[in-house]
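# Sharing a sequence plus its predicted fold:
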Amino acid sequence: MSPFLLVQAGNPPQDVRSRFGTFAEMFAPLLGTWAPNMQVVRVYANEALPPPHEVSGALITGSPGNVTDGDPWMREAADWVRAAFEQELPLLGVCFGHQLMAHALGGQVDYHPRGREVGTWPIELLPEAQNDPWLSEFPQTFPAQLLHEQTVVLPPPGAVVLGRNQHDAHQILRYTPRAMSVQFHPEFTKPIMESYLEVMEERLSSEGHSVPQLRERLSETPHAQATVAAFLRSCDLIEH
């Protein structure tokens, strides 16, 4: 059986990583039976991605970097996304991965005009999600953990917007039956988000966020976490 590829696009801050692990380790509990057969490639450290036909599917993580930085590894990862897309490999992008996929497939990514989104906030599914094989069993609104300052300003041609919220009109995108992405973080639990607020408190306060209010709003996000397993089921990577 070919492994499931975890494209690790960076690391959490050291204080978060020391408590909760890398992004790959955060995602492992959500991958079910694929976790023991997960191949992690640290693209930010210039590790080479395998040819798409050598893996069963791929998940692209978040990153402290931004797509507009245009680092060489980001350009190489975007080329790989296009190749995987052409081969109809199951693909799921998360936060930076969401933006990288949109950029690679012809969309536009830039800083959000309203600044950073951080904390636990509701996601609203659009009517297009009601019959979607990925999200049809999800409630119309559910909480999710968010931490991003860039956004998909313009989705790629042909992409369908499945979810939004008051801050970001493009929270969930579907590109094809086997390629999709989310702006929020399924892998973040409430304690992980609390740790980010602690590490980033000074910066967030300087940006005008009320960190005490953000802490009060934090909650667990089981439906957001379940989007990973739902992705695997919708691509026939786990049993329905």
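Structure's in. What do you need?

# Phi and psi next, for the most centrally placed residue in the chain.
Centroid-nearest residue in the chain: residue 94, 0.9 Å away (criterion: C-alpha atoms, centre = their mean). In terms of degrees, to the nearest 10, the main-chain angles of residue 94 are phi -130, psi 120.

# Hmm, it is touching residue 58, no?
No. Shown here, residue 94 and residue 58 do not form a contact pair, counting by C-beta atoms under 8 Å, at 11.3 Å. (C-beta placed from N, C-alpha, C; glycine too.)

# follow-up on the earlier one: list the contacts of the residue nearest to the centre of the chain.
Applying C-beta atoms under 8 Å, 6 or more residues apart in numbering, we find residue 94 in contact with 59-62, 181-182, 184-187.

# Pipe those into JSON lines and attach distance to residue 197 and secondary structure per row.
Converted to JSON lines, those look like this (distance: C-beta to C-beta, whole Å; DSSP: H, G, I helix; E, B strand; the rest coil):
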{"residue": "59", "distance to residue 197": "25", "secondary structure": "strand"}
{"residue": "60", "distance to residue 197": "25", "secondary structure": "strand"}
{"residue": "61", "distance to residue 197": "20", "secondary structure": "coil"}
{"residue": "62", "distance to residue 197": "16", "secondary structure": "coil"}
{"residue": "181", "distance to residue 197": "25", "secondary structure": "strand"}
{"residue": "182", "distance to residue 197": "21", "secondary structure": "strand"}
{"residue": "184", "distance to residue 197": "16", "secondary structure": "coil"}
{"residue": "185", "distance to residue 197": "13", "secondary structure": "coil"}
{"residue": "186", "distance to residue 197": "18", "secondary structure": "coil"}
{"residue": "187", "distance to residue 197": "16", "secondary structure": "coil"}
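
# between those, which is nearest residue 125?
Residue 125 has its nearest neighbour among those in residue 182, at 11.6 Å by C-beta to C-beta.

# Look up how far residue 203 lies from that closest one.
Distance, residue 182 to residue 203, by C-beta to C-beta, to the nearest Å: 24 Å.

# Of the two, give the one with the bigger neighbour count.
Neighbours per residue (other C-beta atoms under 10 Å) separate residue 182 from residue 203, with residue 182 holding more: 25 against 12.

# contacting residues for that one?
Taking C-beta under 8 Å, 6+ apart as the criterion, residue 182 is in contact with 92-95, 98, 144, 163, 171-173, 224, 227.

# so can I have a markdown table of the residues you listed showing pLDDT and distance to residue 213?
Below are the contacts of residue 182 laid out as a markdown table (pLDDT from 0 to 100; distance: C-beta to C-beta, whole Å):
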| residue | pLDDT | distance to residue 213 |
| --- | --- | --- |
| 92 | 98 | 31 |
| 93 | 98 | 29 |
| 94 | 98 | 25 |
| 95 | 98 | 22 |
| 98 | 98 | 26 |
| 144 | 98 | 18 |
| 163 | 98 | 24 |
| 171 | 98 | 21 |
| 172 | 98 | 25 |
| 173 | 98 | 29 |
| 224 | 98 | 20 |
| 227 | 98 | 26 |
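
# Return the member of those nearest to residue 46.
residue 93 (20.0 Å).

# Test my guess that that closest one contacts residue 101.
Yes. Under the criterion of C-beta under 8 Å, residue 93 makes contact with residue 101 at 4.0 Å.

# intersection of neighbour lists for those two?
60, 181.

# More neighbours: these two, which one.
Neighbours were counted for residue 93 and for residue 101 using other C-beta under 10 Å; residue 101 has more, 31 against 27.
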